[in-house]
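**Q** please find the sequence and the predicted model below.
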Protein chains: 2
Amino acid sequence: METLRSPHYATPPKAAGFPKGWRLPFVRIFPASQEKHPPPVDYVGPPLADLAGERVFCSEFKYRKGIEIFGEGGHADEYVYQITSGAVRTYKMLPDGRHQINAFHLQGDMFGFENGVAHRFSADALVETHVRIIKRGSILDAMQNRVVSTKNLICFVTQNLQHAEDHMLLLGRKTSLERVAAFLLEMDERLAHPAMMLLPMNRRDIADYLGITLETVSRAFSILRDEALLRFDGNIQRRIELLDRHALAEFDA
Amino acid sequence: METLRSPHYATPPKAAGFPKGWRLPFVRIFPASQEKHPPPVDYVGPPLADLAGERVFCSEFKYRKGIEIFGEGGHADEYVYQITSGAVRTYKMLPDGRHQINAFHLQGDMFGFENGVAHRFSADALVETHVRIIKRGSILDAMQNRVVSTKNLICFVTQNLQHAEDHMLLLGRKTSLERVAAFLLEMDERLAHPAMMLLPMNRRDIADYLGITLETVSRAFSILRDEALLRFDGNIQRRIELLDRHALAEFDA
DNA sequence: CGAAGATTTGATCTGTATCAAGTGCAGTGG
DNA sequence: CCACTGCACTTGATACAGATCAAATCTTCG
C-alpha cells in the first residue's frame, strides 16, 4: 500500500469500493491494490499523458470482475481512467432497479471525465480490468498555454457525446434486431474486426445497453445464427464469429 | 446581403438552406438574411463571447419556422450557434424516415459544436428563431493561454453529454407516461417554471424526442389532465399549466 | 369559407416483456 | 476425479404496453 501514498495522489480511487447489489456478484477480494499481479506502480508516460501533450504522473490499478470502480452520485474523485486491459460498463439506474448502460469501455478507452462533484453514473469492471489513472487537475495544469491539448481534450469529450447521440437514435427508434446487429458491428469495429470475438459482457448487460430484455437479445442472436450471419464458437456463447458483416449491416437500419 | 460579407466570416451558415422533407413544411422565405426584422448585424460582446472570456465577433441570423439550419452529413461550417429567441430541434434520421430528436434548444442555449467536417445531426427551427453565430476558430484563438476558458468550453460540451446520458436512461428504460412527465418537468425547468408554458413544438416532435408515437404522447397528456396534474389553456393545446409539479415528479421514475 | 394541419380518441394489432422451464457450463468441495 | 450448485443462456407460452389504423373535432390561415 505504500506506493499508493505516493505524492502524486493521496488515495486510490474508490478505496472502499465493494461490490454493489446489481446482480450480487460473488466477489471476494478488494481493494485491487492488494492484488499481487501487477502491483500498483507510479507510471510516467504515454499514452494517457499524450492527452495533455506532456508527461504527467499516472498510476495503475486492478479491479476484479464485478467490482465497482465508482458509483453514481458518489463523490467524483479527481481522476480520469484509461483501460490497459479488460472492460468496463458505465450505467445509470432508476430507483426500482431498471438499468441503462451508457457505454462499454474497452482496452485503450478513457472514461470518468466529469465536471461536477458527484458522479453522473456508475462504473464497474465486467472482467478483471487494469486501469491507468490520472488526476484530472494535472491534465488542465499540463495543458496550460497549449491550444492543441485543449482540442484533444474537447475531442475526447465530444467522442463520448457522439456515441451518446448515436445510441439515442438506437434506443429511441430501432427494433430489437436492429439494435443487436448494431451492437455486434460496434463491438466488431472496436475490437478491430477479429476473426473470433470474445464478448466481455453477458446477455443481460447487452440487454441493458440496448434497452431490451436479455431474452430478446438471446432470440435475436438465435435469429442471426439461423440466418448464418454469425456462429458461436462451440458451446461458448460469448465467442462469436461474424460470418457476413455486410448482411449484418443491412439488418441495422 | 452586404453585411454578410463582413470580414468576420465569409458566408452565412447554410446559405443554401432549404426546407427538408421531414414533414414537408410549407415554408417560403430564405435565406433569413433577407428578412427585414431584425437585419443581420455584426455583433461584438457577451454573452456568447463570454465563453471565450474575450470579446469576439458574432453575427445574428433569423430562421423562419420549419427552416433547416444545417443538415446531418452536411459540411460542418465553422460556427457555433446561440439562440437569442425561438427554439430549435437537433435530430438524427434513419433511411426509412424514423426520427430521433436529440435535444430541444431554447433561448440562451448553444448548439452546433462539432469536431469533424460533417454535421453529426440536423438542426432546424421549430418557430421563428434568432440565433447569434460565432466562428468556432475564434473561440479557440481567443482562449489561447486561458485555462479558465478551456474549462468553460469543456463544461459546455459536458452539459450536452450529461443531457444525452439522462436521455438514454429515459429512452432505454422508462414507460411512456414517465417519459412525458419527465419531458414536462424538463421544459418547466428550462422555461424557469412559468405559470403557463407555451410549448414551441408539436406532439410529433415531442414523440420523436421521447421515442414514442404522437398518439401515445397525446394519451399521456390526457391522463395527466384527467389526474389534474396539468391543464390546457382553453383550446390551445400547447399552452400548459402544471398544477402539481410534485405529483408529476412521482410519475417520472 | 375552405383546406390542411394538429390533436384527440377509439379499435385493433403486434413486438417485446414477462413468466416459466430446461439445458449446459464453470467453479467448488468432497 | 466426480457430483453439486449456481449462473448463463436458450426456448416456449402468454400478456400487455404501445404501435398502427382509423375517424372525428378543432385550429389556423390563406
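**A** Ah, there it is.

**Q** rest of the way, CA atoms for contacts and neighbours
**A** Will do.

**Q** isn't A:Lys174 right up against A:Ala253?
**A** Yes - between A:Lys174 and A:Ala253 there is a contact under CA atoms under 8 Å: 7.4 Å.

**Q** all the helices of chain A, residue numbers only.
**A** Along chain A, counting by DSSP state H, helices occupy A:136-142, A:147-173, A:176-190, A:203-210, A:214-226, A:245-251.

**Q** tell me the gap between the fourth one and the middle of its chain.
**A** Looking back up the chat, that one is helix A:203-210. 13 Å (CA atoms, centre = their mean, to the nearest Å).

**Q** do the same with the last one
**A** Here the centre of mass of C-alpha atoms in helix A:245-251, compared against the chain's by CA atoms, centre = their mean, lies 25 Å away.

**Q** what helices or strands is that helix leaning on?
**A** helix A:176-190 (3 or more CA pairs under 8 Å, 6 or more residues apart in numbering or on different chains; DSSP states H and E).

**Q** so for the helix it packs on, what gets flagged as buried?
**A** Neighbour counts using 16 or more other CA atoms under 10 Å in any protein chain shown place A:Ser176, A:Leu177, A:Glu178, A:Arg179, A:Val180, A:Ala181, A:Ala182, A:Phe183, A:Leu184, A:Leu185, A:Met187, A:Asp188 of helix A:176-190 among the buried residues.

**Q** next, the angle from it to helix A:147-173.
**A** Following axes from the mean of the first three to the mean of the last three CA atoms, to 10 degrees, one obtains 160 degrees for the angle between helix A:176-190 and helix A:147-173.

**Q** so is helix A:176-190 next to DNA strand C?
**A** Yes - with CA under 7 Å from any atom of the strand as the measure, helix A:176-190 is seen reaching DNA strand C through A:Ser176, A:Leu177.

**Q** ok now that helix, how far from the chain's centre?
**A** Distance, stretch centre to chain centre, for helix A:176-190: 16 Å (CA atoms, centre = their mean).

**Q** so where's chain A uncertain?
**A** A:1-57, A:136-151 (pLDDT under 70).

**Q** next to chain B, which bits of it? Give me the list.
**A** Selection of chain A residues close to chain B by CA under 8 Å from any CA of the partner chain yields A:92-96, A:98-100, A:102, A:114-115, A:120, A:140, A:144-147, A:150, A:153-155, A:157-158, A:160-162, A:164-165, A:167-169, A:171-173, A:208, A:210-212, A:253.

**Q** would you list the buried entries among those?
**A** Looks like these have A:92-93, A:98-100, A:102, A:114-115, A:120, A:140, A:144, A:146-147, A:150, A:153-155, A:157-158, A:160-162, A:164-165, A:167-169, A:171-173, A:208, A:210-212, A:253 buried, using 16+ other CA under 10 Å.

**Q** of the residues you listed, which are in range of DNA strand D?
**A** Among these, no residue lies close to DNA strand D (CA under 7 Å from any atom of the strand).

**Q** of all the helices of chain A, which one is nearest B:Tyr81?
**A** Nearest of those to B:Tyr81, taken as CA to CA: helix A:147-173 at 16.6 Å.

**Q** is any part of that closest one close to DNA strand C?
**A** No - using CA under 7 Å from any atom of the strand, helix A:147-173 stays clear of DNA strand C, coming no nearer than 8.8 Å.

**Q** tell me what angle that helix forms with helix B:203-210.
**A** Using the same axes, to 10 degrees: helix A:147-173 against helix B:203-210 is 110 degrees.

**Q** can you list the helices and strands that helix A:147-173 packs against?
**A** Secondary elements touching helix A:147-173 (3+ CA pairs under 8 Å, 6+ apart): strand B:99-105, helix B:147-173.

**Q** now the ones you listed in a markdown table, with distance to B:His193?
**A** A markdown table is the format used below for the helices and strands packed on helix A:147-173 (distance: least, CA to CA, whole Å):
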| stretch | distance to B:His193 |
| --- | --- |
| strand B:99-105 | 16 |
| helix B:147-173 | 19 |
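
**Q** with distance to A:Gly66 added, can I get the helices of chain A in a markdown table?
**A** Putting the helices of chain A into a markdown table (distance: least, CA to CA, whole Å) gives the following:
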| stretch | distance to A:Gly66 |
| --- | --- |
| helix A:136-142 | 25 |
| helix A:147-173 | 23 |
| helix A:176-190 | 20 |
| helix A:203-210 | 12 |
| helix A:214-226 | 18 |
| helix A:245-251 | 31 |
